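1. take a look and give me a structure for this.
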Amino acid sequence: MAPETPIRAAIAVGGVVQGVGFRPFVYNAARRLALVGSVRNDADSVRIEVQGSAEAVDALVRLLRESPPLQARIDRLEVARLALRHDETAFVIGAGSRGSPRPILPADLATCGECLREVQTPGERRHRYPFTNCTNCGPRWSIIEQLPYDRPRTSMAGFAMCADCRAEYENPGDRRFHAQPIACPACGPSLALMDSHGTRLAAGDDALRKAAGAILRGGIVALKGLGGFQLVVDATSQPAVERLRQRKRRPDKPLAVMVASLDAAARLCRVDGEETRWLASHQAPIVLLRRLDAGNAHDDAGPEAPLAPGVAPGNPYLGLMLPYTPLHHLLCEAVARPIVCTSGNLSEEPMALAAEEALERLGTIADLLLVHDRPIVRPVDDSVGRVGPDGFQLLRRARGFAPLPVDLGADGPAILAVGGHLKNTVALSVGRQAVLSQHIGDLDNALGVDVHRRAVDDLISFFRVRPAAVACDLHPDYASTRLAEQLSRLWQAPLIAVQHHHAHAASCMAEHGLTGPVLGFSWDGTGYGPDGTVWGGEVLECCGHEMRRAARLRTFPLPGGDRAVRDPRRSALGVLHECLGDAARPIAGRWFTAGEIDTFWTILARPGMTPRTSSMGRLFDAVAAVCGLSTAVSFEGQAAMGLEFLADPACDRPYPFSIGEATPAVLDWGPMLRAILEDVAAGTPAPNVAGRFHHTLAEMAAAAARRWGGRDVVLTGGCFQNALLQRLVRDRLVSEGCVVHLHREVPPGDGGIALGQLAIASQRIRA
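-> Sure thing, here's the model as predicted:
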């Protein structure tokens with residue numbers, strides 16, 4: 001029988017195919033199939049040329065389609081025939097191209113099981129080595145400086161491989177074959193322990209053990225982790241937690257907890273199968289889980305819930321995560337109890353990255369600093385998410401997820417979106433992909449503004465593009481808007497301002513590939529309205545890049561404007577004055593002195609002195625105050641969270657409300673407020689009132705959807721981080737025949753604004 005005539009094929013694979021062991025995977029598969037040729041990283045794909053039997057080539061293509069490496073994501077696979085070559089005798093890994101980069105780099109990956117076993121096994125070369133990694137795990141986005149993803153273009157470039165690591169790196173049969181961050185104790189990064197003045201106290205494993213000892217004695221340790229510094233204390237020590245809160249200036253906001261294993265997580269929280277999968281995933285996010293003691297969130301005593309009460313006061317949920325680097329695994333093993341692991345910063349500031357910066361900014365917080373000498377290229381905080389009615393939903397998108405792109409559905413020019421003012425992220429369109437930065441944070445201080453500018457510069461230089469347009473929020477005083485104006489002038493590119501709540505709706509539409517018409521329930525705290533009011537309780541009809549306000553909450557005055565965000569009494573005063581007029585004065589006397597009330601009444605009598613708002617977030621604050629919850633809050637949304645946790649979902653009889661006939665239809669909460677006041681005066685338990693309030697909002701949503709009469713609905717905005725509200729509104733709309741879309745890949749809050757800005761700007765340019 002005559003031998004089969006060989007064929008030659010070019011295979012282009014696009015998606016997340018760099019930094020996930022893709023080239024070694026192709027190399028070993030091609031060798032097994034007796035193919036010759038090459039594989040190399042290109043700027044926007046992996047390029048493969050293979051020659052051999054048609055059956056073997058088909059088998060390779062099938063393997064790429066059906067069984068790629070676990071962390072890879074195949075978005076595109078193209079095969080073309082080539083002319084045969086007769087000068088190849090083997091399959092090789094070729095050098096990467098340095099063309100125009102495309103968004104294909106994976107996020108940082110949690111430690112894999114094989115590396116963890118090496119770290120934990122005496123006699124292994126990497127026993128107790130905190131920077132162990134392979135092609136299946138380790139740093140990616142936090143260390144890369146340029147594409148293609150090769151060691152000389154990462155922050156590992158300064159660490160020359162020893163002979164043993166070089167042998168692994170070059171061995172096709174080794175799982176570290178072409179693992180760019182490869183390292184070992186002989187040639188890789190190392191640990192050091194310093195006091196708050198920068199004096200070096202210990203090095204290597206001794207530094208780690210002494211840091212663990214300090215934590216067990218109640219100390220605060222600043223840990224240089226994967227993407228920035230973290231502050232670590234013993235989560236079972238109330239004095240240590242209180243000291244951390246005082247020094248960090250974070251009196252109430254829940255603190256994230258790291259536990260050593262899934263078994264440890266199950267001793268603290270209810271963990272179902274989907275939650276287990278995400279806790280142990282290669283993204284390893286913080287997952288919000290229901291506490292086992294949720295019936296009494298103030299009582300943390302008992303063997304099943306050993307946490308200090310100050311970790312998450314009054315909160316039925318815990319933010320739990322598992323160790324995701326060898327360093328965290330070793331620290332958790334040494335401490336042998338849950339640890340608080342929170343961002344290394346003062347409250348509302350960005351994380352510190354380098355040891356020098358940490359000494360300056362964290363020296364007054366931490367007793368000791370556990371540092372290493374691998375540079376961090378960009379800050380990457382921990383991601384936060386929860387399992388909701390439609391699966392896992394991100395609430396903060398960072399480590400493990402950034403910079404994975406979202407498909408915009410059509411090619412277009414490069415556009416930069418600078419995001420909002422709070423919980424900021426930025427985004428850049430490259431082709432048809434939207435690259436989303438990691439969580440940046442609030443822009444209320446100079447440090448935050450500087451980090452935001454560096455994140456913008458980072459995306460622009462990394463992908464080597466000059467944006468054809470800049471998208472921003474409609475609010476003229478946001479720091480992000482001012483930067484967008486500067487960049488627009490610098491690049492002579494059009495500035496596209498996008499209304500805040502329209503951007504919220506568009507971000508969820510972009511996630512689901514929706515073009516409209518869509519009804520967007522965009523409920524949050526604050527957004528600049530083009531009519532001169534503060535929006536926030538919006539129902540928007542969206543189609544393409546256009547938006548019409550279909551319905552809104554009844555507006556009310558907001559004494560002090562933005563000051564009401566941290567003072568729910570002001571929101572309560574506004575709704576009471578709007579609904580009851582002078583009859584509200586005795587009720588307001590619960591919260592204000594007589595002199596303060598006189599001042600407010602004078603202001604409220606002059607409408608031009610007080611902004612009006614349709615904000616759902618501020619309505620939550622008002623009802624929380626009326627229900628008797630504390631009016632002293634230290635972070636945005638605290639009062640609304642309290643109302644959610646207070647609510648009894650079984651109290652499902654909605655309060656009365658009305659919906660107007662005009663467009664936009666006004667959802668009038670006035671009848672509801674009067675009924676709530678009657679219930680409170682009659683001594684109705686606050687959980688009953690809070691439960692009925694949530695059900696009333698679901699009925700309002702159903703009424704607005706019926707008035708619209710369409711099919712596709714998105715739920716977006718910070719208020720839909722409220723799990724109870726999201727579930728009730730979703731279920732009620734589904735019962736009305738709507739197809740309800742929830743956020744999954746980007747947060748419903750302001751962390752998703754940049755994607756919405758980008759989607760709308762792209763559509764406007766193409767229109």
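2. alpha carbons of stretch 249-264, as CSV, please.
-> What follows is stretch 249-264, C-alpha atoms only, in CSV (Å, rounded to 0.1, in the frame of the first residue of the first chain):
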residue,chain,number,x,y,z
ARG,A,249,-10.1,53.7,59.6
ARG,A,250,-12.7,51.1,58.6
PRO,A,251,-15.1,51.0,61.5
ASP,A,252,-18.0,48.9,60.1
LYS,A,253,-17.5,47.6,56.5
PRO,A,254,-17.1,43.8,56.5
LEU,A,255,-13.6,42.3,56.3
ALA,A,256,-12.7,39.4,54.0
VAL,A,257,-11.6,36.2,55.7
MET,A,258,-9.2,33.5,54.3
VAL,A,259,-9.5,30.0,55.5
ALA,A,260,-7.2,27.1,54.7
SER,A,261,-9.6,24.6,53.1
LEU,A,262,-13.1,23.9,52.0
ASP,A,263,-13.7,22.0,55.2
ALA,A,264,-12.8,25.1,57.2
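3. count the residues that sit near the nearest residue to Ile7 once chain neighbours are set aside.
-> Using Cβ to Cβ, 6 or more residues apart in numbering and skipping the chain neighbours, the partner closest in space to Ile7 is Ala54 (5.1 Å). Where C-beta positions appear, they are placed from N, C-alpha and C, glycine not excepted. Counted by other Cβ atoms under 10 Å, the residues lying close to Ala54 total 12.
4. ok, Leu443 next?
-> Burial of Leu443 is recorded as 27 neighbouring residues (other Cβ under 10 Å).
5. which of the helices or strands spans it?
-> For Leu443, there is no host helix or strand (DSSP states H and E).
6. how is this protein carved up into domains?
-> Following automatic domain parsing, one gets these domains for the chain: 7-93, 191-372, 389-509+752-766, 521-746.
7. save those as TSV, and put in mean pLDDT and distance to Asn171 too.
-> Output for the domains of the chain, formatted as TSV (pLDDT from 0 to 100; distance: least, Cβ to Cβ, whole Å):
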stretch	mean pLDDT	distance to Asn171
domain 7-93	88	10
domain 191-372	92	22
domain 389-509+752-766	95	28
domain 521-746	95	37
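8. give me whichever of these is most buried.
-> Ranked by mean neighbour count under mean count of other Cβ atoms under 10 Å, the domains of the chain are led by domain 389-509+752-766, which reaches a mean of 22.
9. that one: end-to-end distance?
-> End-to-end distance for domain 389-509+752-766, by Cα to Cα, to the nearest Å: 35 Å.
10. before we move on, the earlier item: mind listing what the residue nearest to Ile7 touches?
-> Glu4, Pro6, Ile7 (Cβ atoms under 8 Å, 6 or more residues apart in numbering).
11. ok, now Leu193?
-> So Leu193 contacts 200-203, 206-208, 210-211, 368-371 (Cβ under 8 Å, 6+ apart).
12. can you check Val575 too?
-> Phe556, Leu619, Ala622, Trp669, Leu673.
13. among those residues, which are located in helices?
-> Within these, membership in helices is found for Leu619, Ala622, Leu673, as judged by DSSP state H.
14. mind checking how far the nearest residue to Asp367 once chain neighbours are set aside is from Arg291?
-> Distance criterion Cβ to Cβ, 6+ apart; nearest residue to Asp367, sequence neighbours excluded, is Gly219 at 4.3 Å. According to Cβ to Cβ, to the nearest Å, Gly219 stands 26 Å off from Arg291.
15. coming back round to it: and the contacts of Val575, which is closest to Ser735?
-> Nearest to Ser735 out of the contacts of Val575 is Trp669 (Cβ to Cβ; 22.0 Å).
16. tell me the spacing between the nearest residue to Arg727 once chain neighbours are set aside and Glu118.
-> Counting by Cβ to Cβ, 6+ apart, Pro389 is the residue found nearest to Arg727 once chain neighbours are left out, at 5.7 Å. As judged by Cβ to Cβ, Pro389 and Glu118 stand 40 Å apart.
17. and for Leu673?
-> Leu673 is 62 Å from Glu118, by Cβ to Cβ.
18. please apply the same query to Ile765.
-> According to Cβ to Cβ, Ile765 stands 50 Å off from Glu118.
19. same deal with His501?
-> His501 sits 50 Å away from Glu118, going by Cβ to Cβ.
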